[in-house]
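S.K.: pasting a predicted model and its sequence here:
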Amino acid sequence: MSQTRRICLLLGAIALLACVAALRLQLSYDLAFFLPPANTEAQQILLERVGQGPGAQLTFVVLPQVAPPTSNQATAEIEAASLAAAIRKLPQVQRVLPEMLSLGMEQIPPVLWDNRVLLADLPTNKGQWLEALGTTLDDMMFASDASERAVLAGDPTLASLEALQQFTRLANDQQFSSTEQQVLLVQASAAAFDLDSQTQLVDDLRNLLKQNGVTTAQLYGSGVYGVDLQRSVQREATLYSLIASVALLALLFLYLRSASLVLIAGLPLLAGGMAGLAVLALVFSEVHGITLAFGFTLLGVAVDYPLHLVVHKQVHQQQGVQAAESIWPTLRLGVLSTAIAYLAFALSGSQGLQQLGLFALVGICAAALASAWLCPSDQAAPLQTLNQPTAPTTQAPQQRVQLRHWPWLLALLVTTPILASLPMFSDDLSSLTPVPSETLAADAKLRESLGVTNMRHLIALRGANQELLLQQTEEVTTILQEAVTTGELAAYQSITSLLPSEQRQVARRQSATSEATIDGFNAALAELPFAPDAFSSFRKMLEQQRTSNERLDWQTLTSEPSLHTAVNNLMYSTDDGWVSLVFLAGMQDPAKLQTKIEALEIAQWIDLKAASLTLAADYRSRVLKLLVVAIAGIALLLLTLTRKPQRVLWLLGSGAATLACAMLGSLLLQGLLSLFDLMALTLVAGLGLDYSLFYSKPTTGSEQQTQQQATARAVLLCALSSLLVFGILACSSIPLLRGIGTTVACGVVAAYLLARFGRYAKAPS
Amino acid sequence: MKSYVSALILLCSLCLLNSAAVATEGQALEAKMLLENLAFPQGKRVPYSETQLNPMLKEPVRQTGHVEITQDGAFVMQVATPRPELRRLDKGKLSLKRPSRSALKRNPNQALAKARARTLSLNPEHGGHLVLLAITQVLSGDIDALNQHFVLQGTPGDPWRVVLTPKNAKVKKRLQRLELLGTGDQLVSLYTQRTNDAWQKLIFSASELSADEN
């Protein structure tokens, strides 16, 4: 079959795979894809609620303060208040803090207003009513119009507003403005991972700020990072792929001096990418954007396969021989070894890494098959008329390849003690996100200064049915309320503020409509300066409640748009039943409160920080174990196929030294290693093994020198192309891409030098 | 003939309009001068009484305490009766401390100090908030800030009078006017007329003016 025909058929296959991918592929940017599987209850809660807690739905709009921060601050705050009013009108916004003290009826969802008597215990005697109505009198000082007085008249204890305020209360709300900045806290109605809504919100916010002449405002929050990540990954992936592709093509063209050879070198990579995409599209319902960005990165090793074949064929043809088939066993060994390493990721457990592993595994196998298809070992026809400037013209004496062990031993001796003295891995789950660490630090500082609901501790309860779960949650909140009274806890958020158990609802209705309560109310009212008909709407509501059997339930609350997200955050169903979460804010002594809660034996105290650290550490340990198994598998494969222990020892030693150099380079240049760096190191191992396999390939017969020359040229080209691509990636503004680029570039240099100087040609004695 | 009459009417209208504008401008200048002459003592506690009435009340309710403009320019209002409460307005924010009745019964001396402060940013589009902002601006002499939200009209004399009418149409629906009454460089009272027959009067320095004058 002619070369042209083979290229056409391969292009047809690539087009077919591209069609499958285009028709089925659904992209996602949910970072939870890359989170590992949970082993404990705490880790389970962490994974279930990631991106859904009350803190995750917040967007911080940080407005720079006018300089110098003097008397203009009050004006700036007033401007911030009018900006907040404009933000409140955006469709995706649930609320904006700080909020003015307002008793407006429009603030209260009808479902809460209609059932206000069920939300809190009403006073039951005259003394209690005197105190409650005295507070109502004080509140009236701020009620500036009829609408606000209507709220007080219908709900004198403000039970409906109190229930709502549980979800907006902050520990340090006086910190919203300082001499340096003004902060507006925007609570979205959609969850942080609902990227379509978040994109709309972030775009609207930025447009609004621009329209108001605020061009230097900073936005923080999970939703903002998700949107920016999506855009930056798309932008940078496109930009760097383009730059890297152009640079790679230029390098290949300079080296091979033939457009068709460049095409032959590039097509297997394209085939591998399309095959990987098609398989992912068929196996998974959604594929993460990062999988694609990193998948093509990991696939970089596949560009070496056609390069080896093309360069060997070129050199052999120049020498007048056709011995390209002699490199196939070595190439197969390289492909199989890399495939085993990527298989480890495919078995890792996290859906994101599974996708990445599968993509790379399928990709390199397809690329190897495409290379074989384009450069068949039995093909005798010349590829091109070659213009090879450095081609040897005379036959040199025959030489033998000898392997030196001291380079890799020396590299290990130098790097291992340094590595042992440095902390290696980051167990912080935030290291799995490509959000810049400076942004995360600023975010954490903002949350801490504003005292936004503690993102670290929460209480979880599980129950087979809602009623039992709500009753147990009420037991927990009794303890929390005591802690609030004594000042141990600033505030808490619990579903029972909005949805009391049925048992409690019945008791509250009975108590509120009892004669004792109404007599106490009337007696207190007579002693206070209220008009006799001041609370007529309240009386009317009590009258209606006397005969009512209506109950507040989860479905009713979640059907109210303004409450939907809050209620779903606090109570949700899983495969095992219902889960209720209680969020805490402003704790004095978490350990003391934990002891009290755990003594109830119905709830679990969750430390999300500890859970996330153990989750990351467990996961790293699991991936490392899989990689150790993969390395053992590779060693066994090499030993079985080469049957040369000395060569296998050299290969593994050089591989270990390459990894040590890459790790050291990465640690020194970019800090602690994350799970993504493990992937980068796997690629380094694959590339290093590839170079070492070719350099250590025994040569026989009369074309020994030709083979060695071809190997040297091919490996140099492979190393240069990888260095070029990953060097360009190291310039990315996304820390994760930059880290991978740095690690692989360091690894490529180390792998090439160790392979190149780890062998020498020895003249026969 | 008709054209002469029309011209005369037009001329008269223009004169009237002009004189009204001159009068309004003059009154604004008077108001500015009167308020700039105010000498509310900084760092000194001044006793006050506050009376208010609205349709939910059968009779006016009264609070007493003292107010102060602190050295750093904050306005502090400490309610003493009927129930202790502390309000502090600083840079557009209100900090409110209100102990519960049970806390007052348990520890009357410490209840206010121990009460948790609620802090709120005041919104000038809220009638009640605007009154609090206006009090601070009047007492601290920030006339420019006052001018942003109110039309000022001053009538000199003894006592002199300054009327503040909200500029914002939305606020106007809730707050009709603020009326300041003073003598010399002293502010005597601040009367707030809300809509729906609700009013509020703040009297400073144990003035002989009584709440029911209104």
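M.R.: Okay, I see it. Residues are numbered from 1 along each chain as shown, chains lettered A, B, ... in the order given.

S.K.: not counting sequence-adjacent ones, nearest residue to residue A:733?
M.R.: Computed as Cβ to Cβ, 6 or more residues apart in numbering or on different chains, the closest residue to residue A:733 that is not its neighbour in sequence is residue A:236, at 6.7 Å. Quick note: C-beta positions are derived from backbone N, CA and C, even for glycine.

S.K.: next, that neighbour: secondary structure please.
M.R.: helix (DSSP: H, G, I helix; E, B strand; the rest coil).

S.K.: avg pLDDT for the helix or strand harbouring residue A:340?
M.R.: Secondary structure from DSSP states H and E places residue A:340 in helix A:328-346. For helix A:328-346, the mean pLDDT works out to 81.

S.K.: tell me how far the helix or strand that it is followed by is from the chain's mean position?
M.R.: Using DSSP H and E, the helix or strand that follows helix A:328-346 towards the C-terminus is helix A:351-374. Relative to its chain's centre, helix A:351-374 lies at 24 Å (Cα atoms, centre = their mean, to the nearest Å).

S.K.: and stretch A:650-661, by the same measure?
M.R.: Relative to the centre of its chain, stretch A:650-661 is centred 31 Å away, using Cα atoms, centre = their mean.

S.K.: that older thread, buried residues in the helix holding residue A:340, which are they?
M.R.: Judged by neighbour count using 16 or more other Cβ atoms under 10 Å in any protein chain shown, the buried positions of helix A:328-346 are A:328, A:330-331, A:333-346.

S.K.: kindly report the same for stretch A:239-255.
M.R.: A:240-241, A:244, A:248-249, A:251-252, A:255.

S.K.: out of the residues you listed, which are inside strands?
M.R.: Using DSSP state E to define strands, no part of the buried residues of stretch A:239-255 is located there.

S.K.: among those residues, name the ones in helices.
M.R.: Cross-referencing the buried residues of stretch A:239-255 against helices under DSSP state H gives A:240-241, A:244, A:248-249, A:251-252, A:255.

S.K.: for the residue nearest the centre of chain B, what are its contacts?
M.R.: Centroid-nearest residue in chain B, with Cα atoms, centre = their mean: residue B:135, separated by 4.5 Å. Listed by Cβ atoms under 8 Å, 6 or more residues apart in numbering or on different chains, the contact partners of residue B:135 are B:75, B:89, B:190, B:202.

S.K.: now swap in residue A:648 and tell me
M.R.: A:635, A:638-639, A:642.

S.K.: in the chain, which spans are strands?
M.R.: Let's take chain A. Under DSSP E, chain A gives strands at A:27-28, A:58-64, A:93-97, A:181-188, A:218-220, A:287-288, A:400-403, A:457-463, A:489-493, A:571-574, A:577-587, A:604-607, A:759-762.

S.K.: ah, I was thinking of chain B
M.R.: Using DSSP E, the strands of chain B run over B:46-53, B:61-69, B:75-81, B:85-90, B:93-97, B:117-121, B:150-155, B:160-166, B:175-183, B:186-194, B:199-204.

S.K.: turn these into a markdown table, including mean neighbour count and distance to residue A:131.
M.R.: Converted to a markdown table, the strands of chain B look like this (neighbours: other Cβ atoms under 10 Å in any protein chain shown; distance: least, Cβ to Cβ, whole Å):
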| stretch | mean neighbour count | distance to residue A:131 |
| --- | --- | --- |
| strand B:46-53 | 19 | 21 |
| strand B:61-69 | 18 | 16 |
| strand B:75-81 | 18 | 16 |
| strand B:85-90 | 19 | 14 |
| strand B:93-97 | 20 | 17 |
| strand B:117-121 | 18 | 18 |
| strand B:150-155 | 18 | 38 |
| strand B:160-166 | 21 | 35 |
| strand B:175-183 | 20 | 30 |
| strand B:186-194 | 21 | 27 |
| strand B:199-204 | 22 | 24 |
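
S.K.: what's the closest of those to chain A?
M.R.: Among the strands of chain B, strand B:117-121 comes nearest to chain A, with 3.9 Å by Cβ to the nearest Cβ.

S.K.: so for that closest one, mean pLDDT?
M.R.: 68.

S.K.: what of stretch A:545-555?
M.R.: So the average pLDDT for stretch A:545-555 ends up being 89.

S.K.: which residues does it contact?
M.R.: A:111, A:115, A:117-118, A:466, A:498-500, A:502, A:505, A:509, A:512-513, A:567, A:571.

S.K.: most neighbours among the residues you listed, which one is it?
M.R.: Most neighbours among those, by other Cβ atoms under 10 Å in any protein chain shown: residue A:499, with 29 neighbours.

S.K.: and that residue, how close does it get to chain B?
M.R.: Remark: distance between residue A:499 and chain B (Cβ to the nearest Cβ, to the nearest Å) = 25 Å.

S.K.: you'd agree that residue is up against residue A:578?
M.R.: No - contact criterion Cβ atoms under 8 Å: residue A:499 and residue A:578 do not qualify, at 11.6 Å.

S.K.: now the strands of chain A as TSV including mean pLDDT and distance to residue A:664?
M.R.: Output for the strands of chain A, formatted as TSV (pLDDT from 0 to 100; distance: least, Cβ to Cβ, whole Å):
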stretch	mean pLDDT	distance to residue A:664
strand A:27-28	73	35
strand A:58-64	79	38
strand A:93-97	76	47
strand A:181-188	78	40
strand A:218-220	83	34
strand A:287-288	79	30
strand A:400-403	72	24
strand A:457-463	88	38
strand A:489-493	82	46
strand A:571-574	86	44
strand A:577-587	85	42
strand A:604-607	86	34
strand A:759-762	69	23
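
S.K.: and residue A:147, which of these is closest to it?
M.R.: Nearest to residue A:147, of all the strands of chain A, is strand A:93-97, at 18.5 Å by Cβ to Cβ.

S.K.: give the pairing partners of the closest one; include direction for each.
M.R.: Its sheet considered, strand A:93-97 pairs with strand A:181-188 (antiparallel) by DSSP bridges.

S.K.: so the partner strand versus strand A:58-64, what angle?
M.R.: Angle, strand A:181-188 to strand A:58-64, by axes from the mean of the first three to the mean of the last three Cα atoms, to 10 degrees: 160 degrees.

S.K.: relative to the whole chain's centre, how far out is strand A:181-188?
M.R.: That offset, for strand A:181-188, works out to 23 Å (Cα atoms, centre = their mean).

S.K.: before we move on, what about stretch B:90-101?
M.R.: Taking Cα atoms, centre = their mean, one finds the center of stretch B:90-101 at 18 Å from the center of the full chain.

S.K.: which residues in the stretch 651-765 of chain A form helices?
M.R.: Ranges of helices in the stretch 651-765 of chain A, per DSSP state H, counting those that start in this stretch, are A:675-695, A:704-729, A:735-757.

S.K.: which one of these lies nearest to chain B?
M.R.: That would be helix A:735-757 among those, by Cβ to the nearest Cβ, at 36.0 Å.

S.K.: can you spell out which helices and strands pack onto that closest one?
M.R.: Where contact means 3 or more Cβ pairs under 8 Å, 6 or more residues apart in numbering or on different chains; DSSP states H and E, helix A:735-757 is packed against helix A:289-298, helix A:406-421, helix A:645-670, helix A:675-695, helix A:704-729.

S.K.: where in chain B is pLDDT low?
M.R.: Applying pLDDT under 70 to chain B flags residues B:1-24, B:116, B:118-121, B:206-214.

S.K.: okay, domains of chain A per the record?
M.R.: Using automatic domain parsing, the domain parsing of chain A gives A:1-34+A:258-378, A:105-167+A:511-551.

S.K.: these: lowest mean pLDDT?
M.R.: Among the domains of chain A, domain A:1-34+A:258-378 carries the lowest mean pLDDT, a mean of 79.

S.K.: and that one, how far out from the chain's middle?
M.R.: That offset, for domain A:1-34+A:258-378, works out to 26 Å (Cα atoms, centre = their mean).
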